[in-house]
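Trainee: Mind looking at a prediction? Sequence and model below.
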Amino acid sequence: KAGVTQTPRYLIKTRGQQVTLSCSPISGHRSVSWYQQTPGQGLQFLFEYFSETQRNKGNFPGRFSGRQFSNSRSEMNVSTLELGDSALYLCASSQGGRETQYFGPGTRLLVL
Amino acid sequence: QQQVKQSPQSLIVQKGGISIINCAYENTAFDYFPWYQQFPGKGPALLIAIRPDVSEKKEGRFTISFNKSAKQFSLHIMDSQPGDSATYFCAATSGSNYKLTFGKGTLLTVNP
């Protein structure tokens, strides 16, 4: 089976812009989670989707949003980008959310 | 509030030695404790995981020791190899929230 794929792999934006990141889970996996990874804060949970429904959300401002489509693919959006949003954004998929989560390679976002 | 504390931040071990990474948690609702390995430029990959009904789990050179009363768990890497050089994250999750709470990570360097 193909692994979790994320596009794009690298992105450079300027402050105030918005960005959309995409994640395709492993075939058959219905749960998709998003994490932000930074050197200072480590890996932090953003949100989790299952069958197009958000089941849990981390402590991030409303500028961070996501959605999941009927084919389980997911997107996350960050509006009004700030310098502090520069990070590696990781997507993980699992069959139902409680099992092993498989991570993609991430999208590295740089905000200038 | 950091719910999973991981130590040390960095670790240097000679080839053939034992690497030990420790984690402590606060939330007694946590019931699944995975360890992830991350190489530069890659997403985290599941290494080994344990549930609190067992005190130890071994897979090859990797062993998790779990102490439920102390709310601590540790990863032991036996016969450490240069290829084990990576960042290791402990994590925890509970049955109802579908999210992984990660430790801050340990950068392991195994010298040849």
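Mentor: Sure, I can see it.

Trainee: what residues does chain B put near chain A?
Mentor: By Cβ under 8 Å from any Cβ of the partner chain, the part of chain B that sits against chain A consists of B:32, B:34, B:36, B:41-46, B:49, B:89, B:91, B:93, B:95, B:97-105. All C-beta spots, glycine's among them, are computed from the backbone N, C-alpha and C.

Trainee: Provide a ChimeraX selection command restricted to the buried entries of those.
Mentor: Command for ChimeraX, covering only those of the residues of chain B next to chain A found buried under the criterion 16 or more other Cβ atoms under 10 Å in any protein chain shown:
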select /B:32,34,36,43,44,49,89,91,93,97,98,99,100,101,102,103,104,105
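
Trainee: where exactly do the strands run in chain A?
Mentor: Under the criterion DSSP state E, chain A contains strands at A:5-7, A:10-13, A:19-24, A:31-38, A:42-50, A:53-57, A:64-68, A:74-78, A:87-94, A:102-103, A:107-111.

Trainee: now for the third one, which elements pack on it?
Mentor: What it means is strand A:19-24. Judged by 3 or more Cβ pairs under 8 Å, 6 or more residues apart in numbering or on different chains; DSSP states H and E, strand A:19-24 is in contact with strand A:5-7, strand A:10-13, strand A:74-78, strand A:87-94, strand A:107-111.

Trainee: Now tell me what touches that strand from outside.
Mentor: A:4-8, A:11, A:13, A:32, A:34, A:73-78, A:81, A:89, A:91, A:93, A:104, A:107, A:109 (Cβ atoms under 8 Å, 6 or more residues apart in numbering or on different chains).

Trainee: Recalculate using a threshold of 10 Å.
Mentor: Residues outside strand A:19-24 that contact it (Cβ atoms under 10 Å, 6 or more residues apart in numbering or on different chains): A:2-8, A:11-13, A:32-34, A:49, A:65-68, A:71-79, A:81, A:85, A:89-93, A:104, A:106-107, A:109, A:111.

Trainee: restrict the residues you listed to those near chain B?
Mentor: Among those, the residues that sit close to chain B (Cβ under 10 Å from any Cβ of the partner chain) are A:3-4, A:6, A:33, A:49, A:90-92, A:104, A:106.

Trainee: Show the buried residues in these.
Mentor: Counted by 16+ other Cβ under 10 Å, those give A:4, A:6, A:33, A:49, A:90-92, A:104, A:106 as buried.

Trainee: biggest separation within the residues you listed, which pair?
Mentor: A:49 and A:106 (17.6 Å; Cβ to Cβ).

Trainee: Kindly reformat the ones next to chain B among the contacts of strand A:19-24 as a markdown table containing pLDDT and distance to residue B:53.
Mentor: Shown next, in a markdown table, are these (pLDDT from 0 to 100; distance: Cβ to Cβ, whole Å):
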| residue | pLDDT | distance to residue B:53 |
| --- | --- | --- |
| A:3 | 93 | 30 |
| A:4 | 96 | 29 |
| A:6 | 98 | 35 |
| A:33 | 96 | 25 |
| A:49 | 95 | 30 |
| A:90 | 98 | 29 |
| A:91 | 97 | 30 |
| A:92 | 96 | 25 |
| A:104 | 96 | 31 |
| A:106 | 97 | 33 |
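
Trainee: picking up where we left off before, of all the buried ones among the ones next to chain B among the contacts of strand A:19-24, which comes closest to residue B:56?
Mentor: residue A:92 (26.3 Å).

Trainee: Against residue A:106, how distant is the closest one?
Mentor: Distance of residue A:92 to residue A:106, computed by Cβ to Cβ, to the nearest Å: 10 Å.
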